[in-house]
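Student: 3D, please:
(one chain, ligands or ions: 2)
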Amino acid sequence: MNTIGIVLGRFHRREVEEMLDEARAVAARRQIGIVAEVWVPGSMEKPLAIKRLLQRPDVGGAVALGIIERGETEHGNVMGHAVIGSLINLQLEFMKPVGVGILGPGINPSQIPPRIRPYAAAAVEAVAEMFATA
Ligand SMILES: Nc1c(NC[C@H](O)[C@H](O)[C@H](O)CO)[nH]c(=O)[nH]c1=O
Ligand SMILES: CC(=O)[C@@H](O)COP(=O)(O)O
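Tutor: Ligands and ions are numbered 1, 2, ... in the order given. Below is the predicted model:
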């Protein structure tokens, strides 16, 4: 069975718990085992948590779930670029798929609800497809 670890951002805990619910459902449908669910303070901490998971021989891939909201400064945009770039680089470093289910950066509160489940599902589906095409 293919396996994944999921890293979750606590900065938007309630919404990310719903994302996790969707990710669990899609993983079950795609017969992917979830061997770890790791909560971190926010998106800045996701690359390190993902790398720790990818180093594990029992982890075939990973999923990152969270939200980068719109603030008054460019902090979110800078974070989004850095974090997503790091996650892509980790895929290539370990040759293991990483599904990125991070809303934003710069997302407004009204834009979040309709994206919660679709982004979580797409992240797991992407890893499932990358497993299948490996
Ligand atoms: N504003 C958001 C954050 N900020 C927190 C950072 O991710 C990080 O935990 C902090 O800078 C300490 O290192 N995180 C999100 O995931 N989403 C946000 O909108
Ligand atoms: C995405 C964020 O980090 C955000 O909460 C920061 O808000 P601000 O840009 O107003 O400092």
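Student: okay, now the sheet partners of whichever strand or helix holds Gly5, with direction.
Tutor: Secondary-structure assignment from DSSP states H and E places Gly5 in strand 2-9. Strand 2-9 pairs in its sheet with strand 32-40 (parallel), strand 61-69 (parallel), by DSSP bridges.
Student: right, and the helix or strand after it?
Tutor: helix 13-29.
Student: that next one and ligand 2 in contact?
Tutor: No. Taking C-beta under 6 Å from any ligand atom as the criterion, helix 13-29 and ligand 2 are apart, separated by no less than 13.9 Å. Where you see a C-beta, it was placed from the backbone N, CA and C, and this is true even at glycine.
Student: now the angle from that helix to strand 32-40?
Tutor: Counting by axes from the mean of the first three to the mean of the last three C-alpha atoms, to 10 degrees, helix 13-29 points 160 degrees away from the direction of strand 32-40.
Student: from the contact counts, what lies against helix 13-29?
Tutor: If you count contacts as 3 or more C-beta pairs under 8 Å, 6 or more residues apart in numbering; DSSP states H and E, helix 13-29 packs onto strand 2-9, strand 32-40, strand 61-69, helix 116-132.
Student: and the gap between the residue nearest to Ala82 when sequence neighbours are not counted and Gly66?
Tutor: In space, not counting the residues next to it along the chain, Ala82 is nearest to Met44; the distance is 8.0 Å by C-beta to C-beta, 6 or more residues apart in numbering. Taken as C-beta to C-beta, to the nearest Å, the spacing of Met44 relative to Gly66 amounts to 10 Å.
Student: again with Glu22
Tutor: Glu22 is 13 Å from Gly66, where distance means C-beta to C-beta.
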